[in-house]
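Undergrad: sequence first, then the predicted structure, then my questions.
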Amino acid sequence: MAIIGIESSAHTFGVGIIQNGEILANVKSMYKIGNKGMIPIEVSEHHIQNAADVIKLALDTAKITIKDLKGVGYTKGPGMGPCLQVGQLSAKTLSYRLKIPIAPVNHGVAHVEITKHTQKMKDPLALYVSGGNSQILVLDKNTRKYRILGETFDMGLGNAIDNLARSLGLEHAWGSDVERLAKDGSYIDMPYTVKGMDFSFTGLLTNAIKKLETEKKEDVCYSFQETAFSMLCEATERALLLSKKNELCVCGGVAQNTKLAKMLEEVASENGVRFAKAPNEFNADNGAMIALVAENNIKNNNFEKLENCDVKQRYRIDEVVVYD
Amino acid sequence: MIEFKGAEATIEVIQLYNQKVIVKTRNEKKYRIKSLDEKLRSFRTKREARIILKLNNSNVNSPKILALGKYTIMMSFVEGVLMRDLPENEEFMKPIGNEVKKMHLSGVVHGDLTPANIIIKNNTPFIIDFGLAEVTNNLEEKAIDLLLFKRSVSKKSFEIFLSSYIEKNPEGKKVIDKLKEVELRGRYNVRTLT
């Protein structure tokens, strides 16, 4: 049975199709970010314009017809309201017209689950770092819900990196620009904030932006990355020792950063645990991960009545029961 | 002999003349660059030493500081049993409340106040591990110490603990009001480390 998943929480409208755990399609259309960040209503306009085409492209890629779909999943949250609503409406339309079950999915759960699925991990400690979230997670066997062991006190790391990228004065500002510039930098002192397994990025960001006035761009990017990633590694190592897990994974948009992965690999090997991350197409926002969780939910008869299918901008990962 | 390896430091127990002492060393972390690593380790070692010294001077039951290196602290060994490894005993709550009161009044918050960081020696509680402690008179930080402790003991035990904590404590009521406020915030997550 083919399940279609629709992701639209931020700048990406992504559609994935999965059949018994095998990913048949994972396609997307991305809103082009300028130098002003994301304006929700403009992003949702992009999603509306492209939704039908991306869904069609996914079906073509999977070499199936719309009649082969046996279920649909969409991102319920967390994310930007107007953007989430486009995915929600697309999914509800499919469910209504094709008379197939529909499953609302938590975006964070989907990132962790796709990593476990593609990397064949059983029960990892997961570091989930994206634009809006930065959390250290373990699955509680009894409740089947993720437990947040540590998280950011303020903003997600991805958001902080994008903010810094915009301050660099580039025409199109992406987090990857920070990584590219950081390759040629050297270290300058920056504030470092870890409290137990929690961390904070706003002070570091303000300091880095201020330093751009006097220091070299390369040095600021390098020092920002080193500081932020060291903070994550320290909190993760503490969580690793506490939870006694023997697998560690990183997921979410910032997981695409090779430096972060390298540092976490060091933490893992020091503590004798296995480290893995999914290929980048699954760390960026994508529809396949939504399809995966929807398939697991539908298999376990956990789907939602059409009239109850809502969106939730602040949808906490620890509210959701996870099936496999 | 390495007794315990934490995320941040290793604890060794060694025999020095006729007494056992603890050597806590903050080890090098290879994932971070050397200058940041050395800065963090030396800063935290110094901070922890300063806090223990402060507690020693305020007569809080805690290890006594003996010597200080760049990344190491040598302190007295508290011979006893971790509260975590004992059945919960309401008799300990009154003296624990008193020690926590003394600690807070000296301007120190612990940061990880759980039964894994309290040693019972001849029925007297000793507070240990100040790796996450801070020098502050912030009421919220103090309230979070109490909240962590509340989550790890029974309701009755916590009441006894609290009654001794507020006794002759000029800021006791304020801390407890803050605790109520912190608990009312729905999603405020305070997690026990141990």
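TA: Perfect, I can see it now.
Undergrad: and the helices in chain A?
TA: A:40-62, A:81-98, A:107-119, A:157-167, A:175-182, A:202-211, A:217-243, A:258-270, A:280-283, A:287-299 (DSSP state H).
Undergrad: is the longest helix seen in chain B positioned near chain A?
TA: What stands out as the longest helix in chain B, according to DSSP H, is helix B:34-57. Yes: applying Cβ under 8 Å from any Cβ of the partner chain, one finds helix B:34-57 in contact with chain A at B:Ser35, B:Leu36, B:Lys39, B:Leu40. In short, each C-beta sits where N, CA and C put it, glycine included.
Undergrad: and the pLDDT for the first one?
TA: Reported pLDDT at B:Ser35 in the predicted model: 95.
Undergrad: tell me the gap between the helix or strand of chain B with the lowest mean pLDDT and the middle of its chain.
TA: Of the helices and strands making up chain B, the lowest-confidence element is strand B:2-5, at a mean of 80, by mean pLDDT, DSSP states H and E. Its chain's C-alpha centre and that of strand B:2-5 lie 18 Å apart, by Cα atoms, centre = their mean, to the nearest Å.
Undergrad: rewinding a little: any chance of a PyMOL selection covering the buried ones in the residues of helix B:34-57 next to chain A?
TA: Per 16 or more other Cβ atoms under 10 Å in any protein chain shown, the buried members of these correspond to this PyMOL selection:
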select buried, chain B and resi 36+40
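Undergrad: circling back: so which of the helices of chain A is the most packed in?
TA: Among the helices of chain A, ranked by average contacts under mean count of other Cβ atoms under 10 Å in any protein chain shown, first place goes to helix A:287-299 (a mean of 28).
Undergrad: which residue of the chain lies farthest from its centroid?
TA: Reading this off chain A. A:Thr214 (33.6 Å; Cα atoms, centre = their mean).
Undergrad: meant chain B, my bad for not saying
TA: B:Ile33 (29.0 Å).
Undergrad: ok, that residue touching A:Thr227?
TA: No: in terms of Cβ atoms under 8 Å, B:Ile33 does not count as a neighbour of A:Thr227; the distance is 9.5 Å.
Undergrad: what comes up buried for the longest helix of chain B?
TA: Buried, per 16+ other Cβ under 10 Å, within helix B:34-57: B:36-37, B:40-41, B:44-45, B:48-52, B:54-56.
Undergrad: what's the angle between it and helix A:217-243?
TA: 50 degrees (axes from the mean of the first three to the mean of the last three Cα atoms, to 10 degrees).
Undergrad: for helix B:34-57, give me every contacting residue.
TA: A:187, A:189, A:192, A:226-227, A:230, B:8, B:24, B:26, B:28-29, B:32, B:62-65, B:68-73, B:75, B:103, B:106-108, B:127, B:130-131, B:133-135 (Cβ atoms under 8 Å, 6 or more residues apart in numbering or on different chains).
Undergrad: ok, the worst-scoring helix or strand of chain A on mean pLDDT near chain B or not?
TA: Using mean pLDDT, DSSP H and E, strand A:194-195 stands out as the lowest-scoring helix or strand of chain A, at a mean of 87. Yes: counting by Cβ under 8 Å from any Cβ, chain B is contacted by strand A:194-195 at A:Lys195.
Undergrad: how does the chain divide up, domain by domain?
TA: Since no chain was named, I'll use chain A. A:2-110+A:282-319, A:123-281 (automatic domain parsing).
Undergrad: was after chain B, sorry
TA: If you go by automatic domain parsing, chain B breaks into B:2-76, B:81-184.
Undergrad: quick one: the first one to chain centroid distance?
TA: For domain B:2-76, the separation from the chain centroid amounts to 13 Å (computed by Cα atoms, centre = their mean).
Undergrad: cool, and stretch A:264-271?
TA: Using Cα atoms, centre = their mean, the offset of stretch A:264-271 from its chain centre is 22 Å.
Undergrad: near chain B at all, that stretch?
TA: Yes: for stretch A:264-271, a contact with chain B is found by Cβ under 8 Å from any Cβ, at A:Leu264, A:Glu266, A:Val267, A:Glu270.
Undergrad: A:Thr206 versus B:Met74, what's the distance?
TA: 39 Å (Cβ to Cβ, to the nearest Å).
Undergrad: what's the answer for A:Lys120, then?
TA: Applying Cβ to Cβ to A:Lys120 and A:Thr206 gives a distance of 41 Å.
Undergrad: sorry, back to before: now for the least confident helix or strand of chain A, which elements pack on it?
TA: The helices and strands touching strand A:194-195, judged by 3 or more Cβ pairs under 8 Å, 6 or more residues apart in numbering or on different chains; DSSP states H and E, are helix A:217-243.
Undergrad: ok and the helix it packs on relative to helix A:258-270, angle-wise?
TA: Going by the same axes, to 10 degrees, helix A:217-243 makes 30 degrees with helix A:258-270.
Undergrad: so helix A:217-243, near chain B or not?
TA: Yes: legend: contact between helix A:217-243 and chain B by Cβ under 8 Å from any Cβ is shown at A:Glu226, A:Thr227, A:Ser230, A:Cys233, A:Glu234, A:Glu237, A:Arg238, A:Leu240, A:Leu241, A:Leu242.
Undergrad: and the residues you listed as TSV, adding distance to A:Ala52?
TA: TSV is the format used below for these (distance: Cβ to Cβ, whole Å):
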residue	distance to A:Ala52
A:Glu226	44
A:Thr227	44
A:Ser230	45
A:Cys233	43
A:Glu234	46
A:Glu237	46
A:Arg238	47
A:Leu240	45
A:Leu241	49
A:Leu242	47
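Undergrad: any chance of JSON lines for those residues, columns pLDDT?
TA: Listed next are those as JSON lines, based on pLDDT from 0 to 100:
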{"residue": "A:Glu226", "pLDDT": "97"}
{"residue": "A:Thr227", "pLDDT": "98"}
{"residue": "A:Ser230", "pLDDT": "98"}
{"residue": "A:Cys233", "pLDDT": "98"}
{"residue": "A:Glu234", "pLDDT": "96"}
{"residue": "A:Glu237", "pLDDT": "96"}
{"residue": "A:Arg238", "pLDDT": "92"}
{"residue": "A:Leu240", "pLDDT": "94"}
{"residue": "A:Leu241", "pLDDT": "91"}
{"residue": "A:Leu242", "pLDDT": "86"}
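Undergrad: tell me which two in these are the farthest apart.
TA: Across the residues of helix A:217-243 next to chain B, no pair lies farther apart than A:Glu226 and A:Leu242, at 24.7 Å, counting by Cβ to Cβ.
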